[in-house]
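S.K.: All I have is the shape, not the residue letters:
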Ligand code: PGA
């Protein structure tokens, strides 16, 4: 009942022409895929060109961040309306690299999530523990605090229009993947403890939760077959069409 959603986070990679080339290759690789939602998230400067390539296709465009204000003196920032004006439909919020390097907090994640929803974008809300937190058995506490922070003040109906990406920070870009069991355990906790307690059973059951952190063709199937894993947020393996296809065509 929850449709698998695979999103590629291109991070700070690809120039405009390289991004167009990759978008064309992914569009071709994805043609005919109907059972999976596919999203690519290029850098801001490539969004318009990539959206143009993907127009009318089954590959949707997401941004990697946004600012919560509608307009004004916020040098360097991009609003929801600006993103929508170039064909963006999804936006990553609270990625661990934003949290670690650019002072993203649960409060700013909450503001961004609300702004995205108010403007009609689908936020992909990223949460996850560091290695130190996992070793101190704080994983559940961390994901609970981050989820509650991100969803503070949202209605159940709004929450259903979001996606969560659970990304253990120690697995991002490191080649270390959480085992399918480790990932499933946290996904189950997020859905059946946290989301049920914030919202209700129906919302918890319908909200899609992606796994992220060194997902690739060789481990995608095992991860995606877990009961509570509904997709993937992919960094490194989304930068080549054939690698990305190895994930969205995992079945
Ligand atoms: P990775 O990145 O697949 O390269 O580990 C995932 C992410 O940061 O979203």
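M.R.: Everything's here; your move. Just so it is clear, the structure is predicted and the values come from calculations on it, not from any experiment. Residues are numbered from 1 along each chain as shown.

S.K.: Nearest residue to the residue in the chain positioned nearest to the ligand in space, ignoring adjacent ones along the chain?
M.R.: Of all residues in the chain, residue 235 sits closest to the ligand, at 2.3 Å by Cβ to the nearest ligand atom. No exception for glycine: its C-beta is placed from N, CA and C like everyone else's. Distances taken as Cβ to Cβ, 6 or more residues apart in numbering put residue 9 closest to residue 235, at 5.2 Å, once the chain neighbours are dropped.

S.K.: contacting residues around the one you found?
M.R.: 41, 64, 92, 95, 212, 233, 234, 235, 238 (Cβ atoms under 8 Å, 6 or more residues apart in numbering).

S.K.: Check these against residue 118 and report the nearest one.
M.R.: Of all the contacts of residue 9, residue 118 sits closest to residue 92, with 17.1 Å by Cβ to Cβ.

S.K.: Including pLDDT and secondary structure, could the contacts of residue 9 go into JSON lines?
M.R.: Converted to JSON lines, the contacts of residue 9 look like this (pLDDT from 0 to 100; DSSP: H, G, I helix; E, B strand; the rest coil):
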{"residue": "41", "pLDDT": "99", "secondary structure": "strand"}
{"residue": "64", "pLDDT": "98", "secondary structure": "coil"}
{"residue": "92", "pLDDT": "99", "secondary structure": "strand"}
{"residue": "95", "pLDDT": "98", "secondary structure": "coil"}
{"residue": "212", "pLDDT": "97", "secondary structure": "strand"}
{"residue": "233", "pLDDT": "98", "secondary structure": "strand"}
{"residue": "234", "pLDDT": "98", "secondary structure": "strand"}
{"residue": "235", "pLDDT": "98", "secondary structure": "coil"}
{"residue": "238", "pLDDT": "98", "secondary structure": "helix"}
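
S.K.: Quick check: the residue of the chain closest to the ligand touching residue 11?
M.R.: Yes: counting by Cβ atoms under 8 Å, residue 235 touches residue 11, with 6.0 Å between them.

S.K.: Run through the residues of this structure sitting next to the ligand.
M.R.: For the chain, the contact set with the ligand under Cβ under 6 Å from any ligand atom comprises 9, 167, 172-173, 212-215, 233-237.

S.K.: In those, find the pair that's most separated.
M.R.: Taking Cβ to Cβ, no two of those sit farther apart than 167 and 237, at 13.7 Å.

S.K.: the more surrounded of those two?
M.R.: More crowded of residue 167 and residue 237, by other Cβ atoms under 10 Å: residue 167, with 28 against 21.

S.K.: Leaving out sequence neighbours, find the closest residue to that one.
M.R.: residue 212 (3.6 Å).

S.K.: before we move on, back to that, list the beta-bridge partners for the residue nearest to residue 235.
M.R.: Beta bridges link residue 9 to residue 41 when assigned by DSSP bridges.

S.K.: looking only at pLDDT, what's the mean for stretch 74-90?
M.R.: For stretch 74-90, mean pLDDT is 98.

S.K.: let's have the chain start at 400 instead
M.R.: Right, with 400 as the first residue, what we last looked at is stretch 473-489.

S.K.: Quick one: end-to-end distance for it.
M.R.: Taking Cα to Cα, to the nearest Å, stretch 473-489 runs 22 Å from one end to the other.

S.K.: Buried residues, that stretch. List them.
M.R.: Neighbour counts over stretch 473-489 (16 or more other Cβ atoms under 10 Å) mark 477, 478, 479, 481, 482, 485, 487, 489 as buried.

S.K.: give me the element the fifth one is part of.
M.R.: If I follow you right, that is residue 482. Assigned by DSSP states H and E, residue 482 falls within helix 479-484.

S.K.: Tell me which other helices or strands that helix touches.
M.R.: Applying 3 or more Cβ pairs under 8 Å, 6 or more residues apart in numbering; DSSP states H and E, we find helix 479-484 packed against helix 505-518.

S.K.: can you list contacts of the helix it packs on?
M.R.: Applying Cβ under 8 Å, 6+ apart, the set of residues contacting helix 505-518 from outside is 464-469, 478-480, 483, 490, 492-493, 521-522, 524, 544-545, 547-553, 557, 560-561.
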